[in-house]
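> please work out how this folds:
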Amino acid sequence: MTVERMTELFHKYCDDDNFDFDGFEKRKNPIKDDFVRRDLVAFVKLQTLVPGDDRIIAGAEHDKIWLGIELEDLAKVITEEDIKFLVDCGVFIEDESLTMFA
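Residues are numbered from 1 along each chain as shown. Okay, here's the model as predicted:
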């Protein structure tokens, strides 16, 4: 997948018309069985997709955090289902970076 296509899909599933506000609670996933906090589940999923040994939180300001995941690396391995999963966890793309509200 390209970064552009991945970004389009994140925007599609974050759109109010497509966003499922109960998506996280309804989702069946082995990660969610171990962790109940959306942010931890997102971090574990991202570590699974793009393993690394650096900090996952790259920065924070006001009510947002930026994640230290290179979009190019993520685009190589992510699926549309993974994007839906991350959106359910509260991850979105803004300013060419993965972002979450704090």
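> what about this structure, any weak spots by pLDDT?
Within the chain, the stretches with pLDDT under 70 are 16-36.
> can you give me the helices for it?
For the chain, applying DSSP state H gives helices covering 3-14, 23-26, 30-34, 38-49, 71-77, 80-88.
> same for the fourth one, what does it pack against?
Here helix 38-49 touches helix 30-34, helix 71-77, helix 80-88, strand 97-101, going by 3 or more C-beta pairs under 8 Å, 6 or more residues apart in numbering; DSSP states H and E. In short, each C-beta sits where N, CA and C put it, glycine included.
> what comes up buried for it?
Across helix 38-49, burial judged by 16 or more other C-beta atoms under 10 Å covers 38-39, 41-46, 49.
> need the helices and strands packed on helix 38-49 in CSV (columns: mean neighbour count).
What follows is these, written out as CSV (neighbours: other C-beta atoms under 10 Å):
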stretch, mean neighbour count
helix 30-34, 12
helix 71-77, 15
helix 80-88, 20
strand 97-101, 18
